[in-house]
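S.K.: Structure of the sequence below:
(chains A, B, C and D)
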2 protein chains.
Amino acid sequence: MPETTRRADRLTGNRYGNRPTMKDVAARAGVGLKTVSRVVNGEPGVTPDTERRVREAIDALGFRRNDSARVLRKGRTASIGLILEDLADPFYGPLSRAVEEVARAHGALLINGSSAEDPEREQELALALCARRVDGLVVIPAGDDHRYLEPEMRAGVATVFVDRPAGRIDADVVLSDNYGGARDGVAHLIAHGHRRIGFIGDMPRIHTAAERLRGYRAAMEDAGITVAERWMSLGATDPERVRRAAEEMLAGPDPVTAVFAGNNRVTVTVVRVLAERSRRVALVGFDDFELADLLQPGVTVVAQDSAALGRTAAERLFRQLDGTLIAPERIELPTRLITRGSGELPPAD
Amino acid sequence: MPETTRRADRLTGNRYGNRPTMKDVAARAGVGLKTVSRVVNGEPGVTPDTERRVREAIDALGFRRNDSARVLRKGRTASIGLILEDLADPFYGPLSRAVEEVARAHGALLINGSSAEDPEREQELALALCARRVDGLVVIPAGDDHRYLEPEMRAGVATVFVDRPAGRIDADVVLSDNYGGARDGVAHLIAHGHRRIGFIGDMPRIHTAAERLRGYRAAMEDAGITVAERWMSLGATDPERVRRAAEEMLAGPDPVTAVFAGNNRVTVTVVRVLAERSRRVALVGFDDFELADLLQPGVTVVAQDSAALGRTAAERLFRQLDGTLIAPERIELPTRLITRGSGELPPAD
DNA sequence: CTCGCATCTGACAACGTTGTCCAGGCTCTA
DNA sequence: TAGAGCCTGGACAACGTTGTCAGATGCGAG
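M.R.: Down below sits the predicted model:
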């Protein structure tokens, strides 16, 4: 059992033997501490014979370098943090995977957490990650005030916001063209003869939701259509609420003949509602989702490339770390309209 | 600018000012180092007035405690690692979310990474996390030999394997009842009159795949049906391969009248193949997936509760850390057959 | 056989924090 | 008023690693 660590053992109440340190390895191999460090880090200046002895000691003791200590000494942690809204939302799967790939390519680990759309939790998480001295942060904002990150950014934490812009702070942002995408999607419905078109979106305090709403209004205005209040639902997007909203705009004397759904969760709920009705109602959704093509009819969507969002953001983050980047920038990625049937249904009135 | 950190600044090439330390805060507040530590950690023994001065200094300097140093001193990191196969696979969304929730409830951060089903990458990741001194690991195994984790576990890293058992090592495991689930699913098809039932699953070196295959065989045998080789496909589950496999077993003189799909990716591909054909073929899939109920017909599945898998595993991990746990255990969670139509179609021959 | 040079090796401090322990000042009581 | 006891604050070492720098070792040449 390593000599130097017994006390810590008692302190932490660790039942198991504690970890060997470089000192232990050095003692066992009969070499100096720094020589072990050299071997572990592949630095030159160690004879093959010495190296062999050290490696044997490492294997025998099951030594593993303590990266906390290393970080403390070196300053950089080779890890970046990702804060997203919900790990379980399929939209974020490809995004976080893309971030991870880029991180990996730069030899960094990814630490991630979800804010559950709660600004306070976002801040708590972000600061916790900063306290662990991540080299950078990729943030999908839940809140709309990120001034709390200013000291961190000044201290050198590379920061990129994705999917939604940062609040009250000047920083790199990577977004989809939410406005243009929504406008195109709605224009697509108009081109197929619709005039009474509903919009079901998230709370407008969420930037993407506001932008998509703006796109909807723009398309309608371009076509000279006056939007009725009851065609729009702007609020929480839990299934119950969305269902009620959809049913309301589909009822009454002048029901909508088409619906534009503000995100994938909304789209799915609307699909369910429409499936229960006989009258054909056109539907275009923002965000693609798996199996959209297998439904009857296939669901026409405005697709964002979430992997590209993640990749772009992560690459930008590492360029900040390289020092090749100077001024914060706002990058907007295009969306793509994928027609599958539901958006091409004619008005049924 | 903090005095003590200038050198590190030069070393790391950090363009930004470096971070203030407790020493800097202490100097500014005109108190001792340890007093700052006490304030930061909410320890008693600081007069309100002193505390106020310290807090002012903290805010003025934008100080944030360096957790690396803290970890070095304290031994525990209050973080756990999660290694899964693919972040983007929807099956793992609820699982990782559940793990995160439990971690959060214990005040721990979650660090995760994906192995991309590559044993080497799994090991690399696991050891990297251990080097960062995570307190524990939740592993969805990609490889089948985890002896490399023995020194870590001896050193006190709590470890729980999920979804698939650990290889050549005695450890906690949380699994779904893959055997029973598959057997029930196939029995369900048999109960609806099918006798020629196909099975499309992953490579049998993957434990879950082997177990599900075993369940299939058991159900067939119980019904006195001899399984033909050409009814089974056991290999990679990329869409191309699955498609070919499905088409082969649906062709020929004695085509299968039902298919049991070994996981959600396979199921989706099979749904696509069946959608192109006129003859009705029954289908039961292992794993539930979103929108399964909206397809025509709805897809009958054997559902695992992936959130429960994650929750159970994480809770067990923290019980290991509490010291309340002694012997490794193997926990098997039940599956649930959800009938939606596709599994209740009669044979069409 | 000795000197000089190149190559290897190790002692030591520092990274920023926390645990230990003691000093000094205060209050309260006899 | 003196002594005891409590409370607050600070000096110091330690955590495990890496950078610096000087010392040791070995080899070849004169």
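
S.K.: where's the closest residue to DNA strand C within the stretch 101-250 of chain A relative to chain B, distance?
M.R.: When scored by C-beta to the nearest atom of the strand, the stretch 101-250 of chain A has residue A:131 as its residue closest to DNA strand C, at 8.5 Å. For the C-beta atoms, the positions are set from N, CA and C on the backbone; glycine is no exception. Distance, residue A:131 to chain B, using C-beta to the nearest C-beta, to the nearest Å: 4 Å.

S.K.: and that residue, what does it touch?
M.R.: B:64, B:65, B:66, B:67 (C-beta atoms under 8 Å, 6 or more residues apart in numbering or on different chains).

S.K.: Which pLDDT value does the model give the last one?
M.R.: Spelled out, it's residue B:67. If you check residue B:67, the pLDDT there is 91.

S.K.: ok, it touching residue A:130?
M.R.: No - in this structure, residue B:67 is not within contact of residue A:130 by C-beta atoms under 8 Å, at 9.0 Å.

S.K.: so how far is chain B from residue A:122?
M.R.: Residue A:122 sits 13 Å away from chain B, going by C-beta to the nearest C-beta.

S.K.: just residue A:18 next, same as before
M.R.: 7 Å.

S.K.: helix, strand or coil for that residue?
M.R.: Secondary structure, DSSP: H, G, I helix; E, B strand; the rest coil: residue A:18 is coil.

S.K.: Who are the contact partners of the closest residue to residue A:44 other than its chain neighbours?
M.R.: Once flanking residues are discounted, residue A:44 sits nearest to residue A:38: 7.9 Å by C-beta to C-beta, 6 or more residues apart in numbering or on different chains. By C-beta under 8 Å, 6+ apart, residue A:38 lies in contact with A:44, A:45, A:46.

S.K.: so residue A:38, which of the three states?
M.R.: Applying three-state DSSP: residue A:38 is helix.

S.K.: Apart from its chain neighbours, what residue comes closest to the residue of the stretch 101-250 of chain A closest to DNA strand C?
M.R.: Residue A:131 sits nearest to residue B:67 (C-beta to C-beta, 6+ apart), 4.4 Å away.

S.K.: returning to what we had before: okay, residue B:67 and residue A:130: which has more neighbours?
M.R.: The neighbour count for residue B:67 versus residue A:130, taken as other C-beta atoms under 10 Å in any protein chain shown, is higher for residue A:130 (24 against 21).

S.K.: so the more buried one sits right up against residue A:157, yeah?
M.R.: Yes - assessed by C-beta under 8 Å, residue A:130 is found in contact with residue A:157 at 5.8 Å.

S.K.: Bridged to the residue nearest the centre of chain A, which residues?
M.R.: Nearest residue to the geometric centre of chain A (C-alpha atoms, centre = their mean): residue A:84, 4.4 Å. Beta bridges link residue A:84 to residue A:114 when assigned by DSSP bridges.

S.K.: Verify the stated contact: it with residue A:95.
M.R.: Yes - at 7.2 Å, residue A:84 counts as touching residue A:95 under the criterion of C-beta under 8 Å.

S.K.: joint contacts of these two?
M.R.: residue A:140.

S.K.: show me what contacts residue A:28?
M.R.: By C-beta under 8 Å, 6+ apart, the contact list for residue A:28 reads A:57, A:60, A:61.

S.K.: now with 6 Å?
M.R.: Listed by C-beta atoms under 6 Å, 6 or more residues apart in numbering or on different chains, the contact set of residue A:28 reads residue A:57.

S.K.: again with residue A:185
M.R.: A:260, A:284, A:302.

S.K.: can you pull the pLDDT of it?
M.R.: Residue A:185 is given a pLDDT of 98.

S.K.: if I look at it, how far off is chain B?
M.R.: 20 Å.

S.K.: can you pull out the strands in chain A?
M.R.: Using DSSP state E, the strands assigned to chain A run over residues A:79-84, A:109-114, A:136-139, A:158-162, A:172-176, A:197-201, A:232-234, A:258-261, A:282-286, A:300-303, A:330-333, A:336-338.

S.K.: Throw those into JSON lines and include mean pLDDT, thanks.
M.R.: Shown next, in JSON lines, are the strands of chain A (pLDDT from 0 to 100):
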{"stretch": "strand A:79-84", "mean pLDDT": "93"}
{"stretch": "strand A:109-114", "mean pLDDT": "87"}
{"stretch": "strand A:136-139", "mean pLDDT": "96"}
{"stretch": "strand A:158-162", "mean pLDDT": "96"}
{"stretch": "strand A:172-176", "mean pLDDT": "97"}
{"stretch": "strand A:197-201", "mean pLDDT": "98"}
{"stretch": "strand A:232-234", "mean pLDDT": "96"}
{"stretch": "strand A:258-261", "mean pLDDT": "98"}
{"stretch": "strand A:282-286", "mean pLDDT": "98"}
{"stretch": "strand A:300-303", "mean pLDDT": "98"}
{"stretch": "strand A:330-333", "mean pLDDT": "97"}
{"stretch": "strand A:336-338", "mean pLDDT": "98"}
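
S.K.: Just name the most buried of these.
M.R.: Comparing those by mean neighbour count (mean count of other C-beta atoms under 10 Å in any protein chain shown), strand A:258-261 ranks first with a mean of 30.

S.K.: Tell me the strands beside it, with direction?
M.R.: Here, using DSSP bridges, strand A:258-261 pairs with strand A:197-201 (parallel), strand A:282-286 (parallel).

S.K.: Quick one, which of these gets closest to residue B:167.
M.R.: strand A:282-286 (43.2 Å; C-beta to C-beta).

S.K.: Enumerate the residues of the stretch 201-349 of chain A near chain B.
M.R.: Within reach of chain B by C-beta under 6 Å from any C-beta of the partner chain, the stretch 201-349 of chain A has these residues: A:291, A:294, A:295, A:296.

S.K.: Tell me how many other residues crowd the last one.
M.R.: This points to residue A:296. 12.

S.K.: how far away is the residue lying closest to it once chain neighbours are set aside from residue A:217?
M.R.: Nearest non-adjacent residue to residue A:296, counting by C-beta to C-beta, 6+ apart: residue B:296, 5.4 Å away. According to C-beta to C-beta, to the nearest Å, residue B:296 and residue A:217 sit 35 Å apart.

S.K.: Span of stretch A:124-144 from start to end?
M.R.: End-to-end distance for stretch A:124-144, by C-alpha to C-alpha, to the nearest Å: 14 Å.

S.K.: How far off centre is that stretch?
M.R.: On the basis of C-alpha atoms, centre = their mean, to the nearest Å, stretch A:124-144 sits 12 Å off its chain's mean C-alpha point.

S.K.: Just put the strands paired with strand A:258-261 in JSON lines and tack on distance to DNA strand C.
M.R.: Listed next are the strands paired with strand A:258-261 as JSON lines, based on distance: least, C-beta to the nearest atom of the strand, whole Å:
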{"stretch": "strand A:197-201", "distance to DNA strand C": "44"}
{"stretch": "strand A:282-286", "distance to DNA strand C": "44"}
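
S.K.: what about the residue nearest to residue A:44, distance to chain B?
M.R.: For residue A:38, the distance to chain B - C-beta to the nearest C-beta - is 17 Å.
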